[in-house]
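> Sequence first, predicted coordinates after that:
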Amino acid sequence: MVQSSASVIAAPPVAPQAALQPASVATRSRVGKTLSIVAPCYNEQEVLDLFFDRIDAELARLGVDYEIVCVNDGSRDHTLAVLLKHHQRDPRIKVINLARNFGKEVALSAGLDAVTGDMVVPIDCDLQDPPELIGQFIEAWEGGADVAYGVRVDRSSDTFVKRLTAQGFYKAFNRMSDVDLPYNAGDYRLMDRRVVEVLRQLPERNRFMKGLFAWVGFKQTPIPYARPERAAGTSSFRYWKLWNFALDGITSFSTAPIRIWSYVGLIAGLLAASAAVFLVLRTLLEGNKVPGYPSLMVVILSGFAIQMLAIGSLGEYVARIYQEVKGRPLYVIMDRYGFDRAQGPDA
Ligand code: UDP
Ligand code: MG
């Protein structure tokens with residue numbers, strides 16, 4: 001029998017070989033489990049009726065109890081009124097109204113903090129995340145996945161520039177950071193309760209959710225799907241916002257941009273030293289044609305190298321301070337075998 005930490009209650013003694021089974025062979029059942037949907041909504045009045053039609057139809061056939069937590073992220077239109085209308089109709093639809101627009105990442109975090117389900121699905125309410133995928137997510141979860149995440153098989157609904165910049169971003173991010181972002185995965189996914197608990201514990205304020213989703217680890221299974229155009233309304237992500245989003249992502253998960261300067265300084269130092277040798281030799285062999293030039297060049301080049309090295313060593317310290325103040329847990333435990341609750345905290 002495999003004990004997962006989420007279900008450890010006075011664990012009965014287990015046979016040694018059984019206790020060594022990997023968590024991946026665990027199969028679960030949706031019977032008696034609950035599903036929480038989290039939908040951040042910003043100026044979505046046109047699409048919400050359609051969204052609830054589609055998602056209600058899908059959830060009705062899944063055979064689980066569910067709640068839909070909608071987070072109104074300071075919309076300027078009638079999104080809140082439409083959400084409350086649906087809440088009146090069905091109390092399983094719950095509404096969190098943020099005091100202003102905090103951005104999708106924060107709205108999503110507010111929703112994740114409020115959910116109670118054993119499985120949690122963040123979803124865009126513009127129907128770009130087809131609700132019909134939730135059934136497949138649950139099947140993957142039943143097969144042992146802790147996270148089943150949607151992967152876009154074609155990005156033809158995106159412009160050429162958006163595709164190109166997205167690809168460049170994934171490449172740069174994965175090269176610079178320790179966590180690997182899966183290509184073409186968004187926030188649309190199903191997460192086991194344990195994963196959500198870990199996400200809630202992450203204290204950082206700069207919440208690049210794609211990165212945090214990858215950082216937590218656990219058994220993650222991709223589910224391919226074609227991403228449609230948004231059903232109505234307009235996207236609120238413009239290029240400037242996306243650029244800032246990319247900067248947030250890279251700076252929260254990589255210290256490369258601040259640490260690179262030591263290496264620039266080192267290379268500049270080597271170049272300065274070779275230039276100095278060359279200039280001195282030439283002056284000795286050919287005489288000093290332009291008085292002052294060799295000595296000036298040597299001073300400028302080595303001064304530049306020293307400055308870069310100094311900035312780089314500051315970078316090394318600032319990077320370490322940054323790691324510390326983020327206050328992320330050092331590690332995440334996925335399963336615990338042979339412990340009972342009294343012996344330690346439950347993940
Ligand atoms: N959203 C939000 N706050 C914002 C911007 C967007 O809650 O400040 C929500 C929006 O309502 C939608 C999701 O985030 O459900 C994705 O936004 P959008 O469709 O504009 O982005 P895109 O799909 O173009 O990346
Ligand atoms: Mg969208």
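It's in. Ligands and ions are numbered 1, 2, ... in the order given.
> When you work out contacts or count neighbours from here on, use the C-alpha atoms and nothing else.
OK.
> Tell me which residue lies nearest the centroid of the protein.
Taking Cα atoms, centre = their mean, the centroid of the chain lies closest to residue 210, which sits 1.9 Å from it.
> sec struct for the nearest residue to it once chain neighbours are set aside, please.
Among residues not flanking residue 210 along the chain, residue 187 sits closest, at 6.3 Å (Cα to Cα, 6 or more residues apart in numbering). Using DSSP: H, G, I helix; E, B strand; the rest coil, the three-state assignment for residue 187 comes out as strand.
> Residue 187 touches residue 211, doesn't it?
No: between residue 187 and residue 211 there is no contact under Cα atoms under 8 Å: 10.0 Å.
> Up against ligand 1, what does the stretch 101-250 of the chain have?
Within the stretch 101-250 of the chain, the residues that sit near ligand 1 (Cα under 6 Å from any ligand atom) are 101, 103, 104, 107, 124, 125, 126, 235, 236, 237.
> which among those end up buried?
In terms of neighbour count (16 or more other Cα atoms under 10 Å), the buried residues within those are 104, 107, 124, 125, 126.
> Using TSV, lay out those residues together with pLDDT.
Shown next, in TSV, are these (pLDDT from 0 to 100):
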residue	pLDDT
104	88
107	90
124	93
125	91
126	89
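> I'd like those residues as TSV, with secondary structure appended.
Below are these laid out as TSV (three-state DSSP):
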residue	secondary structure
104	helix
107	helix
124	coil
125	coil
126	coil
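> could I get the residues you listed as CSV with distance to residue 193?
CSV is the format used below for those (distance: Cα to Cα, whole Å):
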residue, distance to residue 193
104, 21
107, 19
124, 20
125, 22
126, 25
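> Tell me where the stretch 151-300 of the chain has strands.
Listed in chain order, the strands of the stretch 151-300 of the chain (DSSP state E, counting those that start in this stretch) span 185-192, 220-225.
> Contacts only, for the closest residue to residue 116 other than its chain neighbours.
Leaving aside its chain neighbours, residue 116 sits nearest to residue 36 (6.7 Å; criterion: Cα to Cα, 6+ apart). Applying Cα atoms under 8 Å, 6 or more residues apart in numbering, we find residue 36 in contact with 66, 67, 68, 69, 115, 116, 117, 118, 119, 120, 121.
> Any idea what residue 36 is bridged to?
residue 67, residue 120 (DSSP bridges).
> What separation is there between it and residue 327?
As defined by Cα to Cα, to the nearest Å, residue 36 lies at a distance of 28 Å from residue 327.
> cool, and residue 311?
Counting by Cα to Cα, the gap from residue 311 to residue 327 is 25 Å.
> Looking at these two now, which is surrounded by more residues?
Neighbour count, other Cα atoms under 10 Å: between residue 311 and residue 327, residue 311 has more, with 17 against 12.
> ok, now which ones touch the more buried one?
Here residue 311 is in contact with 261, 262 (Cα under 8 Å, 6+ apart).
> try 10 Å this time
258, 259, 260, 261, 262, 265, 305 (Cα atoms under 10 Å, 6 or more residues apart in numbering).
> how about it, secondary structure?
helix.
> Quick check: the gap between it and ligand 1.
Applying Cα to the nearest ligand atom, to the nearest Å, the value for residue 311 to ligand 1 is 36 Å.
> hmm, back to that, which single one of the contacts of residue 36 is nearest to residue 139?
residue 119 (11.7 Å; Cα to Cα).
> Tally up the residues packed near the closest one, please.
For residue 119, the neighbour count with other Cα under 10 Å is 25.
> What residues sit buried inside whichever helix or strand residue 141 is part of?
Element membership of residue 141 [criterion: DSSP states H and E] is helix 134-142. Neighbour counts over helix 134-142 (16+ other Cα under 10 Å) mark 134, 137, 138, 140, 141 as buried.
> low-confidence ranges in the stretch 151-300 of the chain?
Under the criterion pLDDT under 70, the flagged ranges of the stretch 151-300 of the chain are 237.
> so how far is residue 45 from residue 77?
The gap separating residue 77 from residue 45 is 7 Å, by Cα to Cα.
> the more surrounded of these two?
Taking neighbours as other Cα under 10 Å, residue 77 and residue 45 compare with residue 45 leading, 21 against 13.
> Tell me, what's the model's pLDDT at the nearest residue to that one once chain neighbours are set aside?
Nearest residue to residue 45, sequence neighbours excluded (Cα to Cα, 6+ apart): residue 79, at 4.5 Å. pLDDT, residue 79: 93.
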